[in-house]
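In: fold the following and give me the result.
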Amino acid sequence: MARLTKNQKTAHSKLEAGKAYSLQDATALVKEITTTKFDASVDIDVRLGVDPRKANQMVRGIATLPHGTGKTVRVLALVTPDKEEEAKAAGADFVGLDEYIAKIEGGWTDVDIIITMPSVMAKVGKLGRILGPRNLMPNPKSGTVTTEVGKAVTDVKGGKIDFKVDKTGIIHASIGKVSFDANKIYENALEVIQTISKLKPSAAKGTYFKSIHVSSTMSPGIEIETKSVAGI
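Out: Presented below is the predicted three-dimensional model:
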């Protein structure tokens, strides 16, 4: 086992071994145990009692964080000329169509989210082998294939995130920065958990929320007492 640094030992000393904390306490504690010199991201990991290999147990959804993620989200809008102004006005960082498709085909993927329209999906769909593995492929279920381009750009810039369960049954999501007030981290976390709760597949049997952990970049994970979370 790797030796812990002095800062890691200090962080671990503030956690009680084997204890599960309330969500409110955990979101305050994550700020205390973070020792990075940069503004670390705060993440939530939710292990679900589902089998993601079965289509009827896939959990995927969208949450709008009340206080945003704290990250600068770079948005590419692949739209027809009549929608370019709408996308730019909403704050899209890159706007166009054929020229950006050519750039992506050449290996450019320097964006966080791509928003497009149903009418150009035939062109965008050809980029699947490049965008798919990078989780950049627009999808109607996540609201990134839409005729309401301006609204979609505004939403993702304002803290809308999409998530899905991975093959091990875990959902990972970023819920803010350690510089956030503890209550803002709490409210963002609660929004994600309650959204996941509403998405429980009818085919999922037994305990739905197996475990919930909150952590920041390079901090230990803090286990959440699931019964302490309102609305699940």
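
In: CA atoms only for the longest helix seen in the chain, dumped as CSV, please.
Out: In the chain, with assignment by DSSP state H, the single longest helix is helix 182-198. Extracted in CSV, the C-alpha atoms of helix 182-198 (Å, rounded to 0.1, in the frame of the first residue of the first chain):
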residue,chain,number,x,y,z
ALA,A,182,-21.1,23.8,2.0
ASN,A,183,-24.9,24.3,1.7
LYS,A,184,-24.6,24.8,-2.1
ILE,A,185,-22.7,21.5,-2.4
TYR,A,186,-25.4,19.9,-0.2
GLU,A,187,-28.2,21.3,-2.4
ASN,A,188,-26.5,20.2,-5.6
ALA,A,189,-25.9,16.7,-4.2
LEU,A,190,-29.5,16.4,-3.1
GLU,A,191,-30.7,17.4,-6.5
VAL,A,192,-28.7,14.6,-8.2
ILE,A,193,-29.7,11.9,-5.6
GLN,A,194,-33.4,12.8,-5.8
THR,A,195,-33.3,12.8,-9.6
ILE,A,196,-31.6,9.3,-9.5
SER,A,197,-34.3,8.2,-7.1
LYS,A,198,-37.1,9.2,-9.5
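
In: name the helices or strands packed onto that helix?
Out: helix 23-32, strand 41-48, strand 60-64, strand 160-164, strand 170-177, strand 209-216 (3 or more Cβ pairs under 8 Å, 6 or more residues apart in numbering; DSSP states H and E). In short, each C-beta sits where N, CA and C put it, glycine included.

In: now those in JSON lines, with mean pLDDT and distance to residue 226?
Out: Below are those laid out as JSON lines (pLDDT from 0 to 100; distance: least, Cβ to Cβ, whole Å):
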{"stretch": "helix 23-32", "mean pLDDT": "94", "distance to residue 226": "9"}
{"stretch": "strand 41-48", "mean pLDDT": "97", "distance to residue 226": "9"}
{"stretch": "strand 60-64", "mean pLDDT": "92", "distance to residue 226": "18"}
{"stretch": "strand 160-164", "mean pLDDT": "90", "distance to residue 226": "18"}
{"stretch": "strand 170-177", "mean pLDDT": "96", "distance to residue 226": "14"}
{"stretch": "strand 209-216", "mean pLDDT": "96", "distance to residue 226": "5"}
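
In: domain map for this protein?
Out: The chain breaks down by the TED database into domains covering 17-69+160-224, 75-157.

In: identify the bridge partners of the residue sitting nearest the centre point of the chain.
Out: Centroid check for the chain by Cα atoms, centre = their mean gives residue 173 as the closest residue, at 3.7 Å. Beta-bridge partners of residue 173, counted by DSSP bridges, are residue 44.

In: residue contacts, it?
Out: 43, 44, 46, 63, 161, 163, 192 (Cβ atoms under 8 Å, 6 or more residues apart in numbering).

In: and for the closest residue to the third one other than its chain neighbours, the neighbour number?
Out: Sequence neighbours aside, residue 171 is the residue nearest to residue 46 in space, at 4.6 Å (criterion: Cβ to Cβ, 6 or more residues apart in numbering). The number of residues packed around residue 171, counting by other Cβ atoms under 10 Å, is 23.

In: one more: residue 114?
Out: 24.

In: against residue 181, how distant is it?
Out: 32 Å (Cβ to Cβ, to the nearest Å).

In: any idea of the pLDDT on the residue nearest to residue 28 when sequence neighbours are not counted?
Out: Once flanking residues are discounted, residue 28 sits nearest to residue 182: 4.1 Å by Cβ to Cβ, 6+ apart. With respect to pLDDT, residue 182 scores 96.
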